[in-house]
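Enquirer: Here's my sequence, what's the structure:
(chains A, B, C and D)
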Protein chains: 2
Amino acid sequence: MRLTTKGRYAVTAMLDLALYGDRGPISLADVSGRQDISLSYLEQLFAKLRRKDLVCSIRGPGGGYRLSRPSETIFVAEIIDAVDERVDATGCAGSSDCQDGQTCLTHNLWSDLSDQIHHFLSDISLASLVERRDVQNVSARQLQRARNTQSIILTAVD
Amino acid sequence: MRLTTKGRYAVTAMLDLALYGDRGPISLADVSGRQDISLSYLEQLFAKLRRKDLVCSIRGPGGGYRLSRPSETIFVAEIIDAVDERVDATGCAGSSDCQDGQTCLTHNLWSDLSDQIHHFLSDISLASLVERRDVQNVSARQLQRARNTQSIILTAVD
DNA sequence: TTTAAATCCTACTAAAACCATCGGGTATAA
DNA sequence: TTATACCCGATGGTTTTAGTAGGATTTAAA
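Expert: Modelled structure (predicted):
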């Protein structure tokens, strides 16, 4: 099982869309700037998210990505599955043939753990994350930083 | 976060000791044979388990490893921690400085998940695994296979 | 006293996964 | 027409994994 930056980036980026996407599509360049994720890497992740129909894309200027469903109906587990293949703690991808085509001594333990994790992440929607106090605080900080950066740029232009 | 064969091997090997270690120390060669784990790799894992005082070793012929505490008081979470360093889903090892020294948008989500996993694995003792029906079934199968292998060897000697 | 069984220890390596970067496409609004 | 943005494939550096190799040390048993 793995849960690395790949899955974390994907969830963070999707949450970014949920937070800021109410007025039209969000470009990956914006997400990249706010969340400190490399643009090229985001492109790869969103290719997978698009294939799994979690986002839809609008090309051309003013384009970007939108959630393809309301944020209440998109769950963290789906996002991780989309980019990370699986949240599975077994060594045999659940097929019970871990040792010589038969189950290993601890197969069911890892199977239970996988269920636990999947259940936990399946209960958390993007909308529920948007409502969280800590998420709102971080979001406010990010917007403030974006405004500062903008004003620095404008000052430099003068 | 990672949960790979390293952690799985360690738990399986410890469970092997819990199952068969009641009559003196178990050699890693025996564990290797029963659980299909390479001997040298087991040696590396048990070096860590020994450092964390989960097992104690007896050198020389007839030697091997024993659990250093009763199996009722050894929990899966400890074993994984010992060989895998951590079961942590955050990107910052819990230090909350995931983005530019501040918390990232999804930090608390991963922190909650880590707590969930750790709590789950902290509740499972080696003794409770030994009592499980599925573990007993697999164990019986492994012993049967070992007897077959032994009889093949004896036949070949004749 | 010798031998062989076992732990102990360090270094090395092939393969995989991760986390990108790069360079070019293509669609499309302005 | 042009700049913006998505789209796509190839590549590469770094880290981790899973295991190998080769020996040194301890010690029970022959």
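
Enquirer: ok, which stretches of chain A are helices?
Expert: A:5-20, A:28-35, A:39-51, A:76-84, A:107-122, A:126-131, A:133-157 (DSSP state H).

Enquirer: want to try CSV for the ones you listed, with distance to DNA strand D as columns?
Expert: Glycine gets a C-beta too; all of them are placed from N, C-alpha and C. CSV is the format used below for those (distance: least, C-beta to the nearest atom of the strand, whole Å):
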stretch, distance to DNA strand D
helix A:5-20, 10
helix A:28-35, 4
helix A:39-51, 5
helix A:76-84, 14
helix A:107-122, 13
helix A:126-131, 18
helix A:133-157, 14
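
Enquirer: In a markdown table: these, plus mean neighbour count and mean pLDDT.
Expert: Converted to a markdown table, these look like this (neighbours: other C-beta atoms under 10 Å in any protein chain shown; pLDDT from 0 to 100):
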| stretch | mean neighbour count | mean pLDDT |
| --- | --- | --- |
| helix A:5-20 | 23 | 91 |
| helix A:28-35 | 18 | 90 |
| helix A:39-51 | 16 | 90 |
| helix A:76-84 | 21 | 87 |
| helix A:107-122 | 19 | 90 |
| helix A:126-131 | 17 | 96 |
| helix A:133-157 | 12 | 74 |
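
Enquirer: Among those helices, which comes closest to B:Thr73?
Expert: Proximity to B:Thr73 (C-beta to C-beta) singles out helix A:107-122 among the helices of chain A, at 17.9 Å.

Enquirer: Go ahead and measure how far the closest one is from the middle of the chain.
Expert: Helix A:107-122 sits 20 Å away from the centroid of its parent chain (C-alpha atoms, centre = their mean, to the nearest Å).

Enquirer: That helix versus helix B:5-20: what angle between them?
Expert: Counting by axes from the mean of the first three to the mean of the last three C-alpha atoms, to 10 degrees, helix A:107-122 points 130 degrees away from the direction of helix B:5-20.

Enquirer: picking up where we left off before, okay if I get the helices of chain A as TSV plus distance to chain B?
Expert: As requested, these are arranged in TSV below (distance: least, C-beta to the nearest C-beta, whole Å):
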stretch	distance to chain B
helix A:5-20	5
helix A:28-35	7
helix A:39-51	14
helix A:76-84	7
helix A:107-122	5
helix A:126-131	7
helix A:133-157	5
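
Enquirer: Relative to B:Arg147, which of those is closest?
Expert: The nearest among the helices of chain A, by C-beta to C-beta, is helix A:107-122 at 22.3 Å.

Enquirer: Put the alpha carbons of that closest one into PDB.
Expert: Only the C-alpha atoms of helix A:107-122 are listed here, as PDB (Å, rounded to 0.1, in the frame of the first residue of the first chain):
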ATOM      1  CA  HIS A 107      -3.700 -11.800   4.700                       C
ATOM      2  CA  ASN A 108      -6.900 -11.100   6.500                       C
ATOM      3  CA  LEU A 109      -5.300  -8.700   8.900                       C
ATOM      4  CA  TRP A 110      -4.200  -6.500   5.900                       C
ATOM      5  CA  SER A 111      -7.500  -7.000   4.200                       C
ATOM      6  CA  ASP A 112      -9.300  -5.800   7.400                       C
ATOM      7  CA  LEU A 113      -7.000  -2.800   7.500                       C
ATOM      8  CA  SER A 114      -7.700  -1.900   3.900                       C
ATOM      9  CA  ASP A 115     -11.400  -2.000   4.500                       C
ATOM     10  CA  GLN A 116     -10.900   0.300   7.500                       C
ATOM     11  CA  ILE A 117      -8.900   2.800   5.500                       C
ATOM     12  CA  HIS A 118     -11.200   2.700   2.600                       C
ATOM     13  CA  HIS A 119     -14.300   3.100   4.800                       C
ATOM     14  CA  PHE A 120     -12.700   6.100   6.500                       C
ATOM     15  CA  LEU A 121     -11.800   7.900   3.200                       C
ATOM     16  CA  SER A 122     -15.100   7.000   1.500                       C
END
